[in-house]
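structure here, sequence nowhere to be found:
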């Protein structure tokens with residue numbers, strides 16, 4: 001009962017929380033790193049200047065603040081010309097993603113990567129250089145030299161949300177299977193009851209038919225016995241009458257002889 005009440009309260013409160021979230025100002029932030037690769041969702045080979053034979057440059061992004069699923073774009077520019085636009089999904093309030101651009105050796109010079117939201121707003125612009133230049137270079141190999149960072153609550157949020165969603169889906173599936181099984185059991189029970197009732201009716205009919213047959217046989221036997229008794233009684237009466245007549249005749253004959 002308590003669990004049911006809590007669920008009802010949760011259902012009633014959720015729309016209010018949603019409205020409150022919609023009314024509140026949502027702050028979207030993007031953390032970025034230019035790097036040569038991404039290992040286990042973390043950037044490696046971070047820098048703001050790369051050699052002309054780098055092969056590819058990655059932009060790693062950590063997006064925070066979105067409450068609904070959306071997209072961001074990484075737009076790559078070389079000397080003011082757009083070279084590539086890559087659309088990336090964002091499916092959580094803390095979401096890591098990245099894109100990379102293949103760099104030809106002859107594409108030395110100034111580059112910019114812009115992070116743009118679904119409405120076209122520029123969230124961040126990150127300049128970098130390929131080849132020789134005056135930009136200050138900072139290259140670190142964090143993943144190679146440092147211990148892996150312990151995931152924070154924010155980092156774990158997408159995984160936690162996924163586990164919750166999977167659990168809810170599994171609960172719904174179990175509930176649906178249980179309802180289906182209950183319906184099947186009820187249907188089987190109804191079918192069995194109907195079968196038992198039909199068998200009982202058939203048995204009653206057979207008993208009634210047997211009883212009627214037995215009664216008819218008893219009646220027929222009784223009539224036959226009565227007729228037999230009646231016939232024997234009639235014969236007995238006739239014999240008695242005959243003997244009585246004979247006796248009377250003898251008495252008459254005897255009397256006539258005495259005179």
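Noted; the coordinates are in hand. All values reported here derive from a predicted model rather than from experimental measurement.

which stretches of the stretch 51-200 of the chain form helices?
Assigned by DSSP state H, counting those that start in this stretch, the stretch 51-200 of the chain shows helices spanning 142-145, 153-258.

hey, which of the ones you listed is tucked in deepest?
Comparing the helices of the stretch 51-200 of the chain by mean neighbour count (mean count of other CB atoms under 10 Å), helix 142-145 comes out on top with a mean of 13. Bear in mind the C-beta positions are built from the backbone N, C-alpha and C, glycine included.

could you give the average pLDDT over it?
Helix 142-145 shows an average pLDDT of 40 in the prediction.

where are the low-confidence patches of the chain?
Along the chain, the model assigns pLDDT under 70 to residues 1-26, 133-156, 258-259.

nearest residue to the middle of it?
residue 173 (1.9 Å; CA atoms, centre = their mean).

ok, that residue to residue 163 distance?
Remark: distance between residue 173 and residue 163 (CB to CB, to the nearest Å) = 15 Å.

residue 122 too?
In this view, residue 122 and residue 163 are 34 Å apart by CB to CB.

before we move on, back to that, just put the helices of the stretch 51-200 of the chain in a markdown table and tack on distance to residue 69.
A markdown table is the format used below for these (distance: least, CB to CB, whole Å):
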| stretch | distance to residue 69 |
| --- | --- |
| helix 142-145 | 29 |
| helix 153-258 | 11 |
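
which stretch among those helices comes nearest residue 28?
helix 153-258 (14.2 Å; CB to CB).

which elements pack onto the closest one?
If contacts are counted by 3 or more CB pairs under 8 Å, 6 or more residues apart in numbering; DSSP states H and E, helix 153-258 sits against strand 94-102.

tell me the buried residues in the strand it packs on?
94, 95, 96, 97, 98, 99, 100, 101 (16 or more other CB atoms under 10 Å).

contact partners for the nearest residue to the last one once chain neighbours are set aside?
What it means is residue 101. Setting aside the residues directly before and after it, residue 101 is nearest to residue 76 in space (CB to CB, 6 or more residues apart in numbering), at 4.7 Å. For residue 76, the contact set (CB atoms under 8 Å, 6 or more residues apart in numbering) comprises 82, 83, 84, 85, 86, 101, 111, 112, 113.

now the buried members of those residues.
The neighbour-count test (16+ other CB under 10 Å) marks 86, 101, 111, 113 as buried among those.

mind putting those in TSV, distance to residue 255 included?
What follows is those, written out as TSV (distance: CB to CB, whole Å):
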residue	distance to residue 255
86	156
101	163
111	170
113	164
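
which of the three states applies to residue 27?
Using DSSP: H, G, I helix; E, B strand; the rest coil, the secondary structure recorded for residue 27 is coil.

state the distance from it to residue 132.
39 Å.

compare the two (neighbour count), which wins?
Each of residue 27 and residue 132 has its neighbours counted (other CB atoms under 10 Å); residue 132 has more, 10 against 7.

look at the nearest residue to that one once chain neighbours are set aside and say how many residues are nearby.
Using CB to CB, 6+ apart and skipping residues adjacent in sequence, the residue nearest residue 132 is residue 108, 7.5 Å away. Applying other CB under 10 Å, we find 17 residues neighbouring residue 108.

my guess is residue 108 contacts residue 78. True?
No: applying CB atoms under 8 Å, one finds residue 108 not in contact with residue 78, separated by 9.6 Å.

strands - which of the contacts of residue 76 land there?
Among these, the members falling in strands (DSSP state E) are 82, 83, 84, 85, 86, 101, 111, 112, 113.

leaving out the residues flanking it, which one is nearest to the second one?
By that I understand residue 83. Leaving aside its sequence neighbours, residue 83 sits nearest to residue 76 (CB to CB, 6+ apart; 4.7 Å).

run through the bridge partners of that neighbour.
Beta-bridge partners for residue 76, by DSSP bridges, are residue 84, residue 113.

how much space between it and residue 245?
Residue 76 is 149 Å from residue 245, by CB to CB.

do residue 222 as well
35 Å.

what about residue 40, distance to residue 60?
To residue 60, residue 40 is 12 Å away according to CB to CB.

who's more crowded, those two?
residue 60 (21 against 7).
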